[in-house]
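Participant: Mind folding the following:
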Amino acid sequence: MPFPKRVLAQIQTFIASVRGNAARWLAPGEPARLLARVEAVLDERMGRIPPRARKPVLVTAAVGLAALIAVFVGASLPERDPYAGPPPAMHVPAAAGLVPPEELFLPDEPDFVPGVMLGREPRDEWTAEDAEPWWRNPLAGGEERWRAGIESTIDEIMESVP
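Facilitator: A predicted model of the protein is given here:
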């Protein structure tokens, strides 16, 4: 049986099952009243939609319903246990005619970059005499030279702003 006919047959079977169960659960004559009420509501709702727009509305509703069903079915599927470990490796016999990895990939390059060579021994505490060969005081010649440069830059910026 082709797919569309099989789906229609399953839908018809489902509807017949619902009708049969409704007949058992509900009072006599109540399933007919319930179905008549549902049909009346659907007819009233479909009457509000212009005739040329009914088909796109129904298709959109069907696609939305199918998406919701897919989401709920996908969410209810059991998940793979993350603690179960990686999936088992596939064993391929060597005689399968595959290229061995040694021929397919280049070998690792040797590590020729030297490690960090410190120019001095690291210390926890420094004195002024220890730091003297490694540090030059920028204010040793006086701070007036620095102050004049900074003030001239500030003056240029302030004069350029209207």
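
Participant: State the mean pLDDT of stretch 127-136.
Facilitator: The pLDDT scores in stretch 127-136 average 82.

Participant: Same check on stretch 79-99?
Facilitator: 66.

Participant: One more: stretch 12-29?
Facilitator: 72.

Participant: can you check stretch 34-44 too?
Facilitator: What stretch 34-44 shows for mean pLDDT is 80.

Participant: Tell me where this structure has helices.
Facilitator: Counting by DSSP state H, one finds helices in the chain at the ranges 3-25, 30-48, 54-76, 101-104, 128-131, 144-160.

Participant: what would those helices look like in a markdown table with distance to residue 119 and mean neighbour count?
Facilitator: Every C-beta, even on glycine, is put in place using the N, C-alpha and C of the backbone. Rendered in a markdown table, the data for the helices of the chain read as follows (distance: least, Cβ to Cβ, whole Å; neighbours: other Cβ atoms under 10 Å):
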| stretch | distance to residue 119 | mean neighbour count |
| --- | --- | --- |
| helix 3-25 | 77 | 10 |
| helix 30-48 | 83 | 11 |
| helix 54-76 | 61 | 10 |
| helix 101-104 | 43 | 7 |
| helix 128-131 | 14 | 10 |
| helix 144-160 | 28 | 10 |
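
Participant: Redo the ones you listed as TSV? Include distance to residue 110.
Facilitator: Converted to TSV, the helices of the chain look like this (distance: least, Cβ to Cβ, whole Å):
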stretch	distance to residue 110
helix 3-25	61
helix 30-48	76
helix 54-76	49
helix 101-104	17
helix 128-131	39
helix 144-160	50
